[in-house]
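Peer 1: fold the following.
(2 chains)
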Amino acid sequence: MTMLLPRRGLAQILALIVILAVDRVVSPQFFDLRLQDGRLFGSLIDVLNRGTPVALLSLGMVLVIATRGIDLSVGAVMAICGAIAASLADSHGLPVVLAAALGAGLVCGLWNGFLVAVLGMQPIVATLILMVAGRGIAQLITEGRIVTFSSPDLVWLGNGAILGVPVPIAIALGMLILTGAVVRGSALGLLIEATGGNARASELAGVGTRAMILAVYVWCGVCASLAGVIAAADIMGADANNAGLWLELDAILAVVIGGTSLFGGRFSLVLAVLGALIIQTMNTGILLSGYPPEFNLLVKAVVVLAVLLLQSPKLSGFAGIMAPLRRAKP
Amino acid sequence: MENSLGPAPPLLEVRGISKSFGAVRALQEVDFTLRAGEIHALLGENGAGKSTLIKVVTGVFPRDAGVVRLGGDEVAPRSAKAALEAGIATVYQEVNLLPNLSVAQNLFLDRQPMRFGIVREGEMRRRAEALLTEFGLDIDVAAPLGNYSVAIQHVTAIARAVDLSARVLILDEPTASLDRHEVEILFGIMRQLARRGIGIVFVSHFLDQVYEISDRITVLRNGRLVGERETASLPRLELIRMMLGRELAETTSARAAAGDRPPREVCASFENYGKAGYVAPFNLELRHGEVVGLAGLLGSGRTETARLVFGAERPDGGQARVEGAPVRLQSPRDGVRQGFGYCPEERKTDGIVAELTVRENIVLALQAKRGLHRPLSRREQDEIARRYVKMLDIRPPDPERPVGLLSGGNQQKALLARWLATAPRLLVLDEPTRGIDVGAHAEIIRLIRELCDDGLALLVISSELDEIVTYSDRVVVLRDRAHVEELAGEAIDVTNILAAIAAEGAAKEARA
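Peer 2: Residues are numbered from 1 along each chain as shown, chains lettered A, B, ... in the order given. Presented below is the predicted three-dimensional model:
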């Protein structure tokens, strides 16, 4: 299990600590936690809660990227599954709603996986199809309206708490543990990394590379549908136009910040989720600081650049970066 | 050293070129001489150093030692572009032009006729037409290059190179994707250019074409110059001997000579096995404890046979049997399930997963064979990796090192380990000793013998005939994508193999 948090996570942890420290300066109450109505509140909880959709997306995305693919459709899949959940929420029980939404995510993933693994399409083009069409499908489901619901079960998914922990956070944590257990507990992790590292060689070594690729797109679809359900539950409605909009880019960013190369191969689930948290910590910090949210985009770009520079092999490795830093510190 | 061939220096003179990649010496003190107006074939098997020599001469790779003189003046281009400016043009097998631009734009790319900063399309088209007419082409130069056949793309590339005032034209496998008629056209153009005084280097593995077009032949082997001959006075058998054999001293099979051994049990057999356009149907029996060597020239169907046997390519006819039972081999997974292993020739692209560790590369095939739900624990992986690192003496002996950082020989050992870990019944090795240094070379050969003595069936491809002769119990000779002869026991020697490879060509010469 050493793979879950390898030494290379140092850059990301460092970045998160720095951003947290800045947030603390901007907002002195940042680390305050309080318990109210059996649920924890505070900026930190906010970060985790708001970060849940991107964290879930990055959990699926990191596996796709590890096979040297990419999934641009996750935002649209969120919209589809959110729309399905919202439409069914007031007429059906939670199990049916969840099954329908997750089933739709699974089908979306199968479609992407079919295009990439079986038809051999380039992942970026193959998933672009669903990225464009998916929003249309979501709008058809909602008939162009914003569908609201009041089912307490579904609302609980977005706003409830288990032992004080908001449900979305618990779900994301559960998915991280589940994905980690499946991927690293079986041989899947090694075979995915081999497929991404060199698909031809892996196939000649007897690895079922097509099955690997199909599986990661399916999982990515399932993760996206969970994110979509949570996002809909959070606002008690489904907005087909805006749910999950541009979040595929945040998810890709989270994976890259987490140190997984877009060229495939080695990946880390924990670091991808950490990447999602880094992004959300920045977002929250800028909101708290009172600067206009437009700054968010700029600051995000700078932080991403910094993390990528830290990882860049061209900069003679991590030690090369750390040495001047250490000297600079008193 | 200077022969008094005449007062004029040769067009292109390459002297004492050496080039190493890490521990692998790709070129060692190679000489090459090209005279004006001659067509000079540069021959050798894969890894002989042909492309390295071309790339060193044209400045794509920096050289470690040696000089290049063009018309008597020393040149040292630092890039393909600089070489082109100096007058050395190269046209590669894969044409380096832009298929989406028009023929005319391709011909004048980077040097369009301009007036007031605007490209003079009409002028460019007229000049393009005039240029191609010289090459016997009458085509619409405004159409995208990609609309035309590979042959016309080749001629366009050559026309561009020649128009850039090339004095030396290097053609790297120009006929590989051309049909017979297109080859005639290309040869016509080559002869015409030679008459104009341009020196042409022709790299090809089609010996018939070499005999048809070239005036002179230079042969490389293992990065060394074997010799330069006039084509007309070099018999085909002698040429093949230059390309494949080292010395003819040690000629009979060491294994066959070791004494008569009882007949072995058949491990896998292939009846009428083949694929149209890939390799002609063949019969092949592989027995436990036996090495079968596959000999033949580049492109003769050796690798194709190996891929069919392993299951990497689907046959379109014939029957495969393993231990007597009929099996279907439709994918590498099928091969692995039957207990086959395959070390491909292209280690980097088809073999190793460079960024994964030695340990992960070694356990990969075994893990794939066991399936997802039966993962090897980390302890088992460590144990397997340690055992094979020690057994095959993989260096450095660190299982956690990314395999891409190892030398070629150690990567090859890691690949062998990957298959040995699956306890295979049959191992197919495609050029197991290519591109690795001398020490590792001997070790791999020793390993092949040991594995065989342990009861493994082996199918080994090698361009090194004396190598094949030393470890093979039987040798299958291929020519033109067909199995043409099988040698066993005392009959295995370099002379017989060479004779089988050259048989058809010799027959042709006899008829002529």
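Peer 1: which residues does the residue in chain B positioned nearest to chain A contact?
Peer 2: The minimum distance from chain B to chain A, using Cβ to the nearest Cβ, falls at B:V336 (3.3 Å). For the C-beta atoms, the positions are set from N, CA and C on the backbone; glycine is no exception. For B:V336, the contact set (Cβ atoms under 8 Å, 6 or more residues apart in numbering or on different chains) comprises A:A205, A:G206, B:A365, B:A368, B:K369, B:T422.
Peer 1: and which of these is nearest B:N96?
Peer 2: A:A205 (33.1 Å; Cβ to Cβ).
Peer 1: distance check, that closest one against B:A166.
Peer 2: Here the distance between A:A205 and B:A166 works out to 45 Å (Cβ to Cβ, to the nearest Å).
Peer 1: what subset of the contacts of B:V336 is buried?
Peer 2: Among the contacts of B:V336, those buried by neighbour count (16 or more other Cβ atoms under 10 Å in any protein chain shown) are A:A205, A:G206, B:A365, B:A368, B:K369, B:T422.
Peer 1: now, which of those residues sits nearest B:Q192?
Peer 2: Nearest to B:Q192 among the buried ones among the contacts of B:V336 is A:A205, at 50.1 Å by Cβ to Cβ.
Peer 1: select from the contacts of B:V336 every entry located in helices.
Peer 2: Among the contacts of B:V336, the members found in helices (DSSP state H) are B:A365, B:A368, B:K369.
Peer 1: isn't the second one up against A:E203?
Peer 2: Same thing as B:A368. No. Assessed by Cβ atoms under 8 Å, B:A368 is found out of contact with A:E203, at 9.4 Å.
Peer 1: which one of the buried ones among the contacts of B:V336 is nearest A:N49?
Peer 2: For those, the closest approach to A:N49 (Cβ to Cβ) belongs to B:A368, at 40.8 Å.
Peer 1: next one: phi and psi at A:G38?
Peer 2: Main-chain torsions, A:G38, degrees, to the nearest 10: phi 70, psi 20.
Peer 1: contacts only, for the nearest residue to it once chain neighbours are set aside.
Peer 2: Counting by Cβ to Cβ, 6 or more residues apart in numbering or on different chains, A:G38 lies nearest to A:A161, which is 5.8 Å off, once chain neighbours are set aside. Taking Cβ under 8 Å, 6+ apart, we find A:A161 in contact with A:G38, A:R39, A:L40, A:V167.
Peer 1: distance of A:A161 from B:E383?
Peer 2: A:A161 is 47 Å from B:E383, by Cβ to Cβ.
Peer 1: likewise B:G37?
Peer 2: 66 Å.
Peer 1: quick check: residues of the stretch 201-330 of chain A near chain B?
Peer 2: Within the stretch 201-330 of chain A, the positions near chain B by Cβ under 8 Å from any Cβ of the partner chain are A:A201, A:S202, A:E203, A:L204, A:A205, A:G206, A:V207, A:G208, A:G265, A:R266.
Peer 1: just the helices from chain A, written as ranges.
Peer 2: Using DSSP H, helices in chain A cover A:10-26, A:43-66, A:74-89, A:94-113, A:123-142, A:152-159, A:167-185, A:188-197, A:199-204, A:209-235, A:247-257, A:269-289, A:294-311, A:317-328.
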